[in-house]
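**Student:** Based on what follows, work out the 3D shape:
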Amino acid sequence: MRVLIIHLRQQWRALAATFVLATFARLLMLADPQILRLIVDRYVLKLRTMPQETFVRGVLLLIGASVVVGLLARTFRTMQEYSIEVISRRVGARLYAKSIAHSLLLPFREFETKRSGEMLQIIQRARIDAESGISGAVRLYLGAVAVAGVTVYAFTLHPLLGFVHLLGLPTVGLIMLVISVPIRKRQRLIALETASLTGSVTEAIRNVETLKSLGAEAQEIGRLHDVNNYILSLEEQKLRLIRRFTFLEGVLFHGMRAVFLAVELWLVYNGAITTGEFLSLFLYTSIIFTPLSEAGAVVARYQEARAAFDTLDTVLDLPKEDLGGREVIGPITNIRFDHVSLSYDAAHDLALRAIDVELPAGKTIAFTGPSGAGKSSLVKLLVALYTPNEGALLVNGRDLREVDLDTYRARIGLVTQETQLFAGTLRENLQISRPDASDAECLVALEQAAATPILGRGREGLDTLIGEGGLKLSGGERQRIAIARALLRDPDVLVFDEPTSSLDATTERAVTETIRSLASPRRLTVLVTHRLATISHADTIHVLRGGAVEESGTAEELIAREGLFAGLWREQMGT
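**Tutor:** I've put the predicted structure just below:
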């Protein structure tokens, strides 16, 4: 709940005004039974001894006062309800924005263990509960104001009435709070399982092409149904808890109301209070028990909201990645892996072992090796998704730990193995890397990546819709758009991670030629792939095995050595 309290503090002026309006509205509503008391005691009970003119004038005057009070109460209540709705929407929106921003700034390793849909469900649930919880808090406050006002009034009539109200109502509230605790525990489990289900559904929809191609729709639907049925069983258990809670709440309230009525009638019988005072107390009982009965639902909702925020806190407590506040580097002229070792988990073996290589600008450097050799791990280090466990990654002679990561990453263009494109237009997908890029610059980047034929598919040009994940494009076209997107920011370092692994031979040759054409005297090009034909032109090839560099050199030199590279070359080329 910490994050919610922080956002509520930012709205303290608006909240204070809202509670003032709520107080006036509630106090004005409490005035109506007093008007009835005056009508009964001053006029109704003296009906036979009072002139008709006096009776009519007095009663009409009090009825008029009741109408005015009612209008004022409705005015204040309308203003209060509008204000609280605005505050709840603002807090919900800011909470959502803060949570999303925090999630996106988490270290990359957190996203390798959590589903994106799961995290989003947690954030959305907290937003909904925050908005409803603020409104519920106002209702509780209104109930508290009513209880306090009626208790003070009861004391003015008779000490016994006052003590009954003072002791009875808080006792009922405390009992309600205690018996509602199991609801929170059950709701937290439901929130976790629902978030997991949302993550699974998001994955299934995103990978629907794979599911359909494997004919695995029925299997996946069955799995999701099992999880959904488990959540349904948890929901039913929670509903049973809530029904028990509301039943006990009703029993307590009716019991307390009976006690109040018995005491009031006893005092009327003994002449301690008047008939009008009895009727006003009777009306007050209805006024205070209505919000108190709602308080039961609010308390149950509070427990559910607490569970949601407890889950959200586990996300917000994760430390954000340290992106800035350090040295801002200029153009990248040299990158060096200085005896770098990397392990993803202390319980696992090293993914990289004592890598000691230099990557100078103006060169094309390639890394290759069999599966599991550490190629992907090297890319993650190069684009600063991870930091070394041992050694240092030096950029222009500076340890990357001392460099501002935002400016460093802005100088890198990355083309990944699995091209990530987004639903939208071609322009929108390109401008992700550089939002201020003009249409002319986008077209130049597409031309450099040999991707201009995509524009000829229709008449929309850069407004061409490519479908979620680029579903309307071929593998080669998606790869070329990814290259154009990387080029649009004019990077100092261009990194290709398995750029041709999923392409046919013809498309592989075309993409390889495009990569070769992008070499520049001022730019470092890094190729990471197991497809040796793609890197045969590289100035230096580093061959990895078991996370370590086994051999280095040009393609010709490595073939002549008859080592690991030569064996891989013969295997792939069929020679």
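**Student:** which residues does residue 533 contact?
**Tutor:** Applying C-beta atoms under 8 Å, 6 or more residues apart in numbering to residue 533 gives the contacts 508, 509, 512, 572, 573. All C-beta atoms are positioned from the backbone trio N, CA, C, and that covers glycine.
**Student:** and of those, the nearest to residue 377?
**Tutor:** residue 572 (22.3 Å; C-beta to C-beta).
**Student:** Surely the closest one is in contact with residue 531?
**Tutor:** Yes. Counting by C-beta atoms under 8 Å, residue 572 touches residue 531, with 7.4 Å between them.
**Student:** More neighbours: which of those two?
**Tutor:** For the pair residue 572 and residue 531, the greater number of neighbours falls to residue 531 (17 against 12), based on other C-beta atoms under 10 Å.
**Student:** give me the element the closest residue to that one other than its chain neighbours is part of.
**Tutor:** Spatial nearest neighbour of residue 531, excluding adjacent residues (C-beta to C-beta, 6 or more residues apart in numbering): residue 500 at 5.2 Å. Under DSSP states H and E, no helix or strand contains residue 500.
**Student:** Look up phi and psi at residue 500.
**Tutor:** Dihedral pair for residue 500: phi -120, psi 10, per degrees, to the nearest 10.
**Student:** still on that earlier bit, among the contacts of residue 533, the buried ones, what's the PyMOL command?
**Tutor:** Those of the contacts of residue 533 that count as buried under 16 or more other C-beta atoms under 10 Å are selected in PyMOL with:
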select buried, resi 508+512
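**Student:** could the contacts of residue 533 be laid out in TSV, adding distance to residue 367, pLDDT and secondary structure?
**Tutor:** What follows is those, written out as TSV (distance: C-beta to C-beta, whole Å; pLDDT from 0 to 100; DSSP: H, G, I helix; E, B strand; the rest coil):
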residue	distance to residue 367	pLDDT	secondary structure
508	18	72	helix
509	21	78	helix
512	16	78	helix
572	16	80	helix
573	19	77	helix
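**Student:** Relative to residue 265, which of the contacts of residue 533 is nearest.
**Tutor:** Set against residue 265, the nearest of the contacts of residue 533 by C-beta to C-beta is residue 508 (93.5 Å).
**Student:** Leaving out the residues flanking it, which one is nearest to that closest one?
**Tutor:** In space, residue 508 is closest to residue 500, 4.2 Å off (C-beta to C-beta, 6+ apart).
**Student:** List the buried residues of the host helix or strand of residue 340.
**Tutor:** Following DSSP H and E, one finds residue 340 within strand 334-342. Burial within strand 334-342, assessed by neighbour count using 16+ other C-beta under 10 Å, is assigned to 335, 336, 337, 338, 340, 341, 342.
**Student:** try stretch 5-20
**Tutor:** Those would be 7, 8, 11, 14, 15, 18, 19, for stretch 5-20 by 16+ other C-beta under 10 Å.
**Student:** How far does that stretch sit from its chain's centre?
**Tutor:** 23 Å (C-alpha atoms, centre = their mean, to the nearest Å).
**Student:** which residues are contacting it?
**Tutor:** Stretch 5-20 is contacted from outside by 80, 83-84, 86-87, 90-91, 94-95, 98, 130, 134, 138, 141, using C-beta under 8 Å, 6+ apart.
**Student:** model confidence over it, on average?
**Tutor:** The predicted model gives stretch 5-20 an average pLDDT of 79.
**Student:** hang on, the earlier thing: between the buried residues of strand 334-342, which sits nearest residue 59?
**Tutor:** For those, the nearest to residue 59 is residue 342 (87.7 Å; C-beta to C-beta).
**Student:** From what I see, the closest one and residue 376 are in contact.
**Tutor:** No. Contact between residue 342 and residue 376 fails when scored by C-beta under 8 Å: they sit 10.9 Å apart.
**Student:** care to break the chain down by domain?
**Tutor:** 2-316, 334-573 (automatic domain parsing).
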